[in-house]
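Novice: Give me coordinates for this.
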Amino acid sequence: MMGYELDAATVFTCLALFNNLISPLNSFPWVINGLIDAIISTKRLSRYLSCFEHEVAKEHTGPKQSNNEDNDVAIFVHDASCIWSSSDEKQLDIVLDHVNLFIPKGLLVAVVGEVGSGKSSLLNMILGEMKLINGAIHVNGSIAYVPQVPWILSGTIRDNILFGRSYDAMRYSEVLHACSMDFDILRMAGGDMAHVGEKGVNLSGGQRARLALARAIYHGAYIYILDDILSAVDAHVAFSILHTAILGPLMKQRTCILCTHNLQAITAADIVVVMDKGHVKFVGNPTSLSCPTSFAFSSIDELNASSIAHTERRKPTISTDPLCLVDSDSDIMCGGGGAQEIVELERREEGRVEVMVYKKYAAFSGWIITVVIGVSAIMMQASRNGNDVWLSYWVDSTGSNQKSYSTACYLVILSAICLANSFLTLVRSFSFAYGGLRAAVKVHDQLLKNLTIAPISFFDQTPSGRILNRLSSDLYTIDDSLPFILNILLANFIGLLGVVVVLSYVQVLFLFLLLPFWFIYSRLQFYYRSTSRELRRLDSVSRSPIYASFTESMDGSSTIRAFMSKDLFLTRFFQNMMVYQRTSYSEATASLWLSLRLQWLAAFIISFIAVMAVIGSHGYLHINIGTPGLVGLALSYAAPIVSSLGSFLSSFTETEKEMVSMERVLQYMDIPQEELIEGRRVNQSWPSQGEINFQNVTLKYMPALPPALRGVTFAIAGGTQVGIIGRTGAGKSSILNALFRLYPICGGRIVVDGIDTSDVSLRDLRERFSVVPQAPFLFEGSLRTNLDPLCVYDDIEIWKVLEKCHLKEEVEAAGGLDMDVKGFGAPFSVGQRQLLCLVRALLKSSKILCLDECTASVDTPTASKLHKVIKDECQGTTVIAIAHRISTVLDMDNILIFDQGILVEQGHPYDLVEDESSLFSSFAKASNM
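Specialist: Below you'll find the model as predicted:
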């Protein structure tokens, strides 16, 4: 058309060059995506690295020996004002304001105050966990810290206590006895080498608190900071811990700062610090407290009545009966057998990825979309090959001067083929994008749904690191990497098929060459596939400990910093990283091994085609190698066969490796599910009376564990209030677990208002009951959605209940119902979170209300007021309350006392108190009642 001759050299050189542009152009959108991700990640990392750096409270550095006054000071705080590090300093959201505190060495300091008064914040300020905006803090000596929510490592009892320190058998034994842990360990299978689940899931709350205290005492620090550890245990255990541990010889001449509501601990203290709305309101000895100043007791008479009968602080008289030194907190997984190793090794498949996994992914994408993708890809490759063949035919006709068609006809046909190829490319691309997005959304939703309705036992046995691994790394692979590599695999397979067809059409001898090379390639891919697939599985499994270690370290960051154990956890983290790096390095090495061998084979193939072309063109062999156009076409297809064969084999093996993530996600889609809907549909008024009957109920948490409940039978009349008490493993929390069907009972039945709860759908059953857990939990979001997630109640009703629970002023000050609740329930204290959970339960107005030590973290007067609110507001409601404070169950209608899964006593509390032989009477005496 332009007057130039179209020869084979020009056409196919240009064709080869244009073919080289295909791969970069296809990859360009992914490069842009990667660049955007990199920019976003860089900004996020920059914000994180620019955050407030934690600063350890300055150690007092006065003259070493010349100033005796300095040497006698443990903690000195001068005019300190603090905010949380996440707060905006410009807004001056001051938590502690102008605090002045002087604590000499070797004293017991009790920190008291109302809920949300700043007690825990004061301890965190001393630890250096808060941002100091004014004043100075000096700490003289090493610190051991026990937080209000005990932080437990996933490991053995001994690992938790030693915390990286060397084992001293004598001190270890003394610490166990002082913390009343020796008898618990005797009951555990494996003793102190028994494995503790993540966050101490198979220990009771009291055991977790005492284990954290044992770690602190074994550490042998000069300053002990204990945040409300006595609230998690019963009165008799608290009495023992106070005298053998806190006031005992192991902490002699040590400074102890104890945040507490325990009256005996307050009266035993050398100094009492009263907090009020972020200010230190009073500092002095307990006898100097005036009634309006004290927030820990309702009257001075109550304080005086709780005084400990001793004159020498470090020489108490304590009961040595081990049965009396076991607390009565929740009994999950104890069942009389103590802590068991319940975490199994992570499951890892072996061998090739099953075809079922590919079918599942195709089903999530949609079978119609899958077919459209396949057909469009085949037709697209056919049009591309047809374009090249038509071009070679045009070149041959031009070279022989025997044109069958006009130039315009050649161009029209070529343009039509190009348009068809472009259209099919668009169809394939959009179909792939839609299918990949659809699969990613459906897989995510299905996985999240399955995890949401998984039984509690699954989470007891599965570390959070494994779940996070699937929800992060594996889902990211399914969202991003898997569609990308599948697209490449399909393109490489169809493209390679087109190359084989064209080369076979040009030179039939290529088919004979193909057979041995196919055998060689199949052997290569067999070795590489099996190796790389297993390495990818190891890679995925090795990520879980990294996630678990990181999550665990973040949860216990304040404890780790207080104990100065950062090196220990960094070493553990790097060990996990090294395991992961070994698998990643092996995977990269295997990929290089394959790449080298593919290049050797590809070089041989190109050499063979070129030699055959030269030989045939000079007539050395009587072989028809075709026209110049076809030879040029063959060489232009043979040149990139190196990358085509390598890319196909690499993408094939890479797809199988990426499918490991789909395989792992499908494992969690097959976990047992709670049947929320299946069961008998009950009317809206059920339960109308609130009558509860346990009939010979037996409950096991795991088949290998002994029963947590053993043939328990009792009846609770509708509208009555019942307290449940007992020792560790007694079966208290198991009653609630059985009632809510969190764990299936293996014998007997539970009847509520004449209906067997096993016949009622789980959704109806749990919807009709209310519960306030011991470990309060608030979701991120507005306070309103936390209190009223279904948007059933108006603001007036919510404010009324908040006022009854003594939270109205705090909520108004924090921003009202629309305030944002952040992670871990911030900015509310643990006690305030418990009260908010109580507000949520009271709003629901269920006929059955279950309270699992809902006032453990609040001061005594507030607890008394709340129990009065519960008694007044829950008239006609059946209330089941698990309690440590005996005073909170004295005004209830009935008491159930459990021991080792058996109901041993029941009756009216005052009748049981008068019976000196009853267990309840012994509990009451331990509480100085």
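Novice: what distance separates the helix or strand hosting Val371 from the middle of the whole chain?
Specialist: Element membership for Val371 (DSSP states H and E) is helix 367-399. In terms of Cα atoms, centre = their mean, to the nearest Å, the centre of helix 367-399 is set 50 Å apart from its chain centre.
Novice: tell me the average confidence for that helix?
Specialist: The average pLDDT for helix 367-399 rounds to 81.
Novice: Which is the succeeding secondary structure element to it?
Specialist: Scanning forward in sequence from helix 367-399 by DSSP H and E, the next helix or strand is helix 407-452.
Novice: That next one packs against which elements?
Specialist: Judged by 3 or more Cβ pairs under 8 Å, 6 or more residues apart in numbering; DSSP states H and E, helix 407-452 is in contact with helix 355-365, helix 367-399, helix 475-476, helix 482-506, helix 641-669. All C-beta atoms are positioned from the backbone trio N, CA, C, and that covers glycine.
Novice: Next, the angle helix 367-399 makes with that helix.
Specialist: Helix 407-452 runs at 160 degrees relative to helix 367-399, counting by axes from the mean of the first three to the mean of the last three Cα atoms, to 10 degrees.
Novice: what angle separates helix 407-452 from helix 482-506?
Specialist: 150 degrees.
Novice: Could you list the domains of this protein?
Specialist: Domain segmentation of the chain under automatic domain parsing yields 106-127+142-325, 348-669, 692-926.
Novice: one step back: out of the helices and strands packed on helix 407-452, flag the one nearest Asp567.
Specialist: helix 475-476 (31.2 Å; Cβ to Cβ).
Novice: Can you list the helices and strands that that closest one packs against?
Specialist: Here helix 475-476 touches helix 407-452, going by 3+ Cβ pairs under 8 Å, 6+ apart.
Novice: go again using 10 Å as the cut-off
Specialist: helix 407-452, helix 641-669 (3 or more Cβ pairs under 10 Å, 6 or more residues apart in numbering; DSSP states H and E).
Novice: phi, psi of the residue most central in space within the chain?
Specialist: Computing the C-alpha centroid of the chain and ranking residues by Cα atoms, centre = their mean puts Ser464 first, at 4.3 Å. The phi/psi pair for Ser464 (degrees, to the nearest 10) reads phi -60, psi -30.
Novice: Report how many residues lie close to the closest residue to it other than its chain neighbours.
Specialist: Take Ser464 and drop its neighbours on the chain: the residue closest to it by Cβ to Cβ, 6 or more residues apart in numbering is Thr551, 5.6 Å away. Thr551 has 17 neighbours, counted by other Cβ atoms under 10 Å.
Novice: OK, contacts around Thr551?
Specialist: Taking Cβ atoms under 10 Å, 6 or more residues apart in numbering, we find Thr551 in contact with 198-199, 463-465, 467-468.
Novice: Trp686 belongs to a strand?
Specialist: No: assessed with DSSP: H, G, I helix; E, B strand; the rest coil, Trp686 is coil; it does not lie in a strand.
Novice: Surely it is in contact with Lys847?
Specialist: Yes: using Cβ atoms under 10 Å, Trp686 is in contact with Lys847, at 8.5 Å.
Novice: and the biggest strand by length in the chain, which strands flank it?
Specialist: In the chain, with assignment by DSSP state E, the single longest strand is strand 73-83. Looking at strand 73-83 with DSSP bridges, its partner strands are strand 96-104 (antiparallel), strand 131-139 (antiparallel).
Novice: Just the buried positions in it, please.
Specialist: Within strand 73-83, the residues scored as buried using 16 or more other Cβ atoms under 10 Å are 73-77, 80-83.
Novice: Repeat that for stretch 840-851.
Specialist: For stretch 840-851, by 16+ other Cβ under 10 Å, it's 840-844, 846-851.
Novice: Of all pairs in those, which one is the farthest apart?
Specialist: Distance extremes for the buried residues of stretch 840-851: the farthest pair is Arg840 and Lys847 at 16.2 Å, using Cβ to Cβ.
Novice: Make JSON lines from the helices and strands packed on helix 407-452 and add distance to Glu812 and mean neighbour count to it.
Specialist: Shown next, in JSON lines, are those (distance: least, Cβ to Cβ, whole Å; neighbours: other Cβ atoms under 10 Å):
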{"stretch": "helix 355-365", "distance to Glu812": "48", "mean neighbour count": "16"}
{"stretch": "helix 367-399", "distance to Glu812": "54", "mean neighbour count": "19"}
{"stretch": "helix 475-476", "distance to Glu812": "41", "mean neighbour count": "16"}
{"stretch": "helix 482-506", "distance to Glu812": "50", "mean neighbour count": "20"}
{"stretch": "helix 641-669", "distance to Glu812": "43", "mean neighbour count": "21"}
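Novice: Which of the ones you listed sits closest to Ala110?
Specialist: helix 641-669 (47.6 Å).
Novice: Following that closest one in sequence, what is the next regular element?
Specialist: Once the chain leaves helix 641-669, the next helix or strand it forms, by DSSP H and E, is strand 692-699.
Novice: Given that following strand, what are its sheet partners and their directions?
Specialist: strand 709-716 (antiparallel), strand 745-752 (antiparallel).
Novice: of the ones you listed, which approaches Phe569 most closely?
Specialist: Nearest to Phe569, of these and by Cβ to Cβ, is strand 709-716 at 38.6 Å.
Novice: Look up the closest residue to Met577, ignoring the ones flanking it.
Specialist: Nearest residue to Met577 in three dimensions, chain neighbours excluded: Ile546, at 6.4 Å (Cβ to Cβ, 6+ apart).
Novice: Looks like the one you found contacts Asn469 (just checking).
Specialist: Yes: shown here, Ile546 and Asn469 form a contact pair, counting by Cβ under 10 Å, at 8.3 Å.
Novice: If you count surrounding residues, which of those two has more?
Specialist: Between Ile546 and Asn469, Asn469 has the larger neighbour count (other Cβ under 10 Å), namely 24 against 18.
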